[in-house]
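[1] After the sequence you'll find the predicted model.
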Amino acid sequence: MRNIVDELKSTHTLRKACDFYMRTPSFAAISGKSQKDYERKLDAVCLSSVQSGRILGNTKLKDLRFKHITIAYDYWVVAHGIRSANYMATCLSIVMNMCIRHEALVTNPVSLIDRKKTKPRKVKWTTPQVKLFLDTAYGEWRWRSIGLIVHMAFHWAQRVGDMRTLEWSSIDLVNNKLELEQSKRGADVFIPIQGGLINMLAQQQKDFGFQPYVAPRVLPRTGAYSPYDDQEICGLVNQVKEKAGLPKNLTAMDLRRTAITQMVERGVDVVGIMQVSGHANPQSVKPYLVNTLAGSTEAQSKREDDLI
């Protein structure tokens, strides 16, 4: 670690600082998915143009100013959206704080950014829309795996990222259950496999059971099967939606929200929802809670009201 610190102080560029961070124990301690996300975001950060064609990554740490970060952040908002811009700022802030700890930087200019706030996304799929998507995707071999990823994400209320990298070792088709360690927070969930998903997984295992991934790219790359990346999933989902005539505003990321909201609307208690979703805190479920006539009617029916 001492060699890394000495090298950091001698090179001084932001690009080098990012590279050093990705060699630290702190970086090694986060999940593999988060490591890939951080690496992609930091690459984008370093390639950001900040002044007269100069990119942020080539800027020396001693010359890094709040105005440079502000220019970059404003660009990220336009190019990538508020949510991604804030994520990029978070990744950069982690690197800046590392530099401060190793005395290569005095202050963290990212901490001064007035980050824009996003409104919670409320878009949800309807069950007929999910069915139409699956009918369309399963109808063509090239979309088989993307259909299964969507099917599993909706059926189990899981994140698409976990479904795209899901391995057969997590699937028990003898006892029809999923055993998954979620990548985001490491929660273990145990969920039954039910309905039409049983047959789809059985067929998928016949066709792709010779390799580790449940829903890999349908054609191998460089001689091996591998998971789709996030951008590929977005593109393939859009292709299927377009053919099916589904609304453009629906995304694969909305499936988990849809499934959890359905559980709420159908009277599943918070503990039950947490066992499926993997949330560790009841407060995390709060954004999914909605007031409905059906819910209030059921609640009122359990009261004893003998006033009249």
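    Ah, there it is.

[2] Going by neighbour count, list what's buried in the longest helix along the chain.
    Secondary structure of the chain read by DSSP state H shows that its longest helix is helix 82-101. Applying a neighbour-count criterion of 16 or more other Cβ atoms under 10 Å, the buried positions in helix 82-101 are 85-89, 91-99. The C-beta positions use only the backbone N, C-alpha and C, and glycine is treated the same way.

[3] Which residues are in contact with Lys243?
    Residues counted as contacts of Lys243 (Cβ atoms under 8 Å, 6 or more residues apart in numbering) are Thr136.

[4] any idea how far Gln231 is from it?
    19 Å (Cβ to Cβ, to the nearest Å).

[5] what does Ala224 give?
    In terms of Cβ to Cβ, Ala224 sits 20 Å off from Gln231.

[6] go on, Gly278?
    25 Å.

[7] Looking at these two, which has the bigger crowd around it?
    Using other Cβ atoms under 10 Å, the more surrounded residue of Gly278 and Gln231 is Gly278, with 23 against 9.

[8] For the nearest residue to that one once chain neighbours are set aside, grab phi and psi.
    The spatial neighbour of Gly278 that comes closest, neighbours along the chain excluded (Cβ to Cβ, 6 or more residues apart in numbering), is Ala187 at 3.7 Å. The phi/psi pair for Ala187 (degrees, to the nearest 10) reads phi -70, psi 140.

[9] okay, now Ala187: neighbour count?
    Ala187 has 15 nearby residues by other Cβ under 10 Å.

[10] from memory it sits against Asn281, does it?
    No: Ala187 lies out of contact with Asn281 (Cβ atoms under 8 Å); the separation is 10.8 Å.

[11] What average pLDDT does stretch 185-200 get?
    What stretch 185-200 shows for mean pLDDT is 91.

[12] Relative to Gly161, how far out is Met98?
    25 Å.

[13] and if you look at Ser284?
    Ser284 sits 17 Å away from Gly161, going by Cβ to Cβ.

[14] between those two, who's got more neighbours?
    Shown here are Ser284 and Gly161; by other Cβ under 10 Å, Gly161 has more neighbours (22 against 15).

[15] Can I take it that the more buried one is in a strand?
    No: under DSSP: H, G, I helix; E, B strand; the rest coil, Gly161 falls outside any strand and is assigned helix.

[16] In contact with it: list those residues for me.
    By Cβ under 8 Å, 6+ apart, the residues touching Gly161 are Lys33, Ser183, Lys184, Asp230.

[17] Tell me the buried residues within the residues you listed.
    Buried by 16+ other Cβ under 10 Å: Lys33, Ser183, Asp230, out of the contacts of Gly161.

[18] Output these as a markdown table; include the columns distance to Gly267 and secondary structure.
    Formatted as a markdown table, those follow (distance: Cβ to Cβ, whole Å; DSSP: H, G, I helix; E, B strand; the rest coil):
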| residue | distance to Gly267 | secondary structure |
| --- | --- | --- |
| Lys33 | 33 | helix |
| Ser183 | 30 | coil |
| Asp230 | 34 | helix |
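
[19] just to revisit the earlier point, could you point out which of the contacts of Gly161 is nearest to Leu219?
    If you rank the contacts of Gly161 by distance to Leu219 using Cβ to Cβ, Asp230 comes first, at 18.7 Å.

[20] Next one: Met96 from Leu112, what distance?
    The spacing between Met96 and Leu112, counted by Cβ to Cβ, is 11 Å.

[21] my bad, Glu181
    37 Å.

[22] Please point out which parts of stretch 24-42 sit buried.
    So, applying 16+ other Cβ under 10 Å, buried residues of stretch 24-42: Thr24, Phe27, Lys33, Asp37, Tyr38, Glu39, Lys41, Leu42.

[23] Need the distance between the two termini of that stretch.
    End-to-end span of stretch 24-42 (Cα to Cα, to the nearest Å): 15 Å.

[24] now that stretch: mean pLDDT?
    Rounded mean pLDDT across stretch 24-42 is 88.

[25] distance between that stretch and the chain's centre?
    For stretch 24-42, the gap between its own C-alpha mean and the chain's C-alpha mean amounts to 14 Å (Cα atoms, centre = their mean, to the nearest Å).

[26] Identify all contacting residues around it.
    Against stretch 24-42 from outside (Cβ under 8 Å, 6+ apart): 1, 4, 18, 21-22, 84, 87-88, 91-92, 94-95, 98, 161, 165, 183-184, 186.

[27] and Lys248, how many residues sit next to it?
    Other residues close to Lys248 by other Cβ under 10 Å number 8.

[28] Quick check: closest non-adjacent residue to it.
    Lys241 (6.9 Å).

[29] what residues are up against that neighbour?
    Lys241 sits next to Phe133, Pro247, Lys248, Leu250 when contact means Cβ under 8 Å, 6+ apart.
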